[in-house]
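Asks: Build me a structure from this.
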Amino acid sequence: MTDSPDGSSSAAQGAQNQPQTTEPTPDTERAIAKSDGFFSRIIGALSPSDVEDTPAQPTEMARPTHGMVNLRRLQLDDIAIPKIEITAVPVDISKDDLVEVFRESGLTRLPVFEGTLDTPIGLVHLKDLALRHGFNGNGDFDLRGMLRELIYAPPSMPTGVLLQRMQAERIHMALVIDEYGGVDGLVTIEDLIEQVIGEIEDEHDIEEDQLWTREKEGCYLALAKTPLDEFEEAIGQSLTDDDEIDEEDIDTLGGLVFMLSGSVPARGEVVKHPSGAEFEVVDADPRRIKRLRVRVP
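Replies: Just a heads-up that it's a prediction; the model follows:
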């Protein structure tokens, strides 16, 4: 060990030059949490394990499916309904046609456009239509007078930021706008909340113990896990008689649709059966089909 001119050892000087690492104080932690914003504080308070357990470069398999961390990690383009699957109506639609769209889609809010969907002008709420015109269609129909505001957001916006904005502005639907000003997708407040707590079932969804329900003659809403043989017995016809279909490898409706399409079809996609039946994918994620609308001839 050598001494420096001032009498101190070089080892001591080296120790002094090393960066000092100390544990953050409670005041420091509070300052960091405050600077991170409202949703960052929620994430830190309610799901610290999600944040701590996430590796520096997580893979898709390592990421948790749901949790508060999704509000910070996911962007709108990760969860938005694609443009091709958006159910919207033109501003010059008739009252009867509008009611029919509400009935067929089962939705309570619909984007309204002028000309094309790339020129949206607002949204119409089923409650406003019912309160203004009643169930007998009283009064002159004026769709423009019932329009409510929409939120327009870029694809890169974090989901937590949009959720906070929806809460502040009391607007529960947003259109995702691309760099050219066109509509790229749609997000509802339900889509955002489902990223945290999982899928939300409402009164019109099929009960867990009810595999399918008949909507009208020749049209059924069914869970993808519905046993194929039970459904065939209910509709009175076989869906596995075709030579191209290997009955031994198929047990459920979802398996049949997967085999017919050759991949996991996207929500809104219609898969045709050789017999003339059609399978519309009502709900699905990138890994599996969840619900189907089956139309049989």
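Asks: is it true that T213 touches L221?
Replies: Yes - with contacts counted by CB atoms under 8 Å, T213 reaches L221, the gap being 5.3 Å. (Each C-beta comes from the backbone N, C-alpha and C, glycine too.)
Asks: now the strands: where do they sit in this structure?
Replies: Assigned strands in the chain, in chain order: 81-82, 89-90, 109-114, 116-125, 151-153, 173-177, 183-188, 212-216, 219-223, 270-272, 278-284, 289-295 (criterion: DSSP state E).
Asks: Output those strands as CSV; include the columns distance to D97.
Replies: Conversion of the strands of the chain to CSV gives the following (distance: least, CB to CB, whole Å):
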stretch, distance to D97
strand 81-82, 22
strand 89-90, 8
strand 109-114, 12
strand 116-125, 12
strand 151-153, 26
strand 173-177, 20
strand 183-188, 20
strand 212-216, 18
strand 219-223, 19
strand 270-272, 21
strand 278-284, 20
strand 289-295, 20
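Asks: quick one: which of the ones you listed is nearest E230?
Replies: Among those, the nearest to E230 by CB to CB is strand 212-216 (8.9 Å).
Asks: okay, the angle between that closest one and strand 289-295?
Replies: 40 degrees (axes from the mean of the first three to the mean of the last three CA atoms, to 10 degrees).
Asks: What pairs with strand 212-216, parallel or antiparallel?
Replies: strand 219-223 (antiparallel) (DSSP bridges).
Asks: who's D283 bridged to?
Replies: Counting by DSSP bridges, D283 is bridged to R291.
Asks: Make sure it is actually in contact with E269.
Replies: No - look at D283 against E269 with CB under 8 Å: they stay out of range, at 11.6 Å.
Asks: Report pLDDT for R287.
Replies: pLDDT, R287: 67.
Asks: can you give me the helices for the stretch 101-250 of the chain?
Replies: Using DSSP state H, counting those that start in this stretch, the helices of the stretch 101-250 of the chain run over 126-133, 159-169, 189-197, 228-235.
Asks: and these as TSV, adding mean pLDDT, mean neighbour count and distance to G181?
Replies: Output for the helices of the stretch 101-250 of the chain, formatted as TSV (pLDDT from 0 to 100; neighbours: other CB atoms under 10 Å; distance: least, CB to CB, whole Å):
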stretch	mean pLDDT	mean neighbour count	distance to G181
helix 126-133	88	14	27
helix 159-169	93	17	18
helix 189-197	85	16	22
helix 228-235	88	15	45
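Asks: Where does pLDDT dip in the stretch 101-250 of the chain?
Replies: 135-139, 199-209, 242-248 (pLDDT under 70).
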